[in-house]
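Asker: got a structure for you, letters missing:
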C-alpha cells in the first residue's frame with residue numbers, strides 16, 4: 001500500500017494538468033464551439049421564463065407525476081412537444097472564476113480518489129504500465145463515464161456526449177501518465 005501522503009505531488013500535478021488541458025480543449029480547439037445553440041425567438045422565450053418567476057433549478061417539461069405519465073392528457077402533451085429540461089442559474093453574468101475554481105476542485109477530488117484507489121492496489125516501485133492502467137481506469141470512470149447520463153436522461157445530443165467522453169479519455173490519460181511518471185520508487189537501503 002502506498003500512503004496518500006506519498007502521492008501529494010501526482011494528485012496536485014495531475015489536477016493542474018487536467019485543468020490546463022480542459023482549457024485548451026474548450027478555448028483553443030474548435031470542436032466544442034457548436035455544443036450549445038441559441039433559442040429561436042430568444043427574447044420571447046426569456047420573457048416568458050422571466051414572467052414565470054423561475055428560480056435556480058432543473059425543470060422538466062411537460063411535467064407530470066410518474067403515475068400520470070400514461071394519462072391521455074400527458075401523452076398528448078408529450079406528442080405535441082417540445083419535451084425537455086431547462087437548467088436555470090441565478091441571474092447575472094456567468095461567474096467564470098467561481099466555475100473554474102469549482103472545476104479545479106473537482107479535478108483535485110478526482111485525483112485524490114485516483115490516488116486512494118491506485119495507492120491501495122498498486123505497490124511502491126511498480127512499473128509505469130501497472131500504475132497507468134489502474135490510475136487511468138479510475139480517472140476515466142470519473143471524467144469519461146460520468147457524462148453518459150446527460151445523453152441518457154437530460155436530452156443532450158449524443159454528438160456532444162461523445163465529445164465529452166473523448167475529453168474524459170484525454171483527462172484520464174493525462175492523469176494516468178502523471179501518476180505513472182511520479183509513482184514512488186522502491187528505495188533500497190544501503191548495508192553498512
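Answerer: The structure has been received and is ready for your questions. Because the structure is a prediction, the values reported are computed rather than measured.

Asker: What's the separation between the residue positioned nearest the centre of the chain and residue 19?
Answerer: By CA atoms, centre = their mean, the chain has its centre lying nearest to residue 143, at 5.0 Å. Distance, residue 143 to residue 19, using CB to CB, to the nearest Å: 12 Å. Placement of C-beta: from N, CA and C, glycine included.

Asker: which sections of the chain are below the confidence cut-off?
Answerer: Flagging of the chain using pLDDT under 70 yields the residue ranges 187-192.

Asker: which residue ranges form the strands in it?
Answerer: Along the chain, the segments classed as strands by DSSP state E run 57-61, 84-88.

Asker: What strands line up against the first one, and which way round?
Answerer: Spelled out, it's strand 57-61. Paired with strand 57-61 in the same sheet, following DSSP bridges, are strand 84-88 (antiparallel).

Asker: what's the strand it pairs with in contact with?
Answerer: Strand 84-88 is touched from outside by 49, 54-61, 154-155, with contacts defined as CB atoms under 8 Å, 6 or more residues apart in numbering.

Asker: Please identify which pair of the residues you listed lies farthest apart.
Answerer: The widest separation within the contacts of strand 84-88, taken as CB to CB, falls between 55 and 155 and amounts to 21.1 Å.

Asker: So for those two, which sits in the more crowded spot?
Answerer: residue 155 (12 against 9; other CB atoms under 10 Å).
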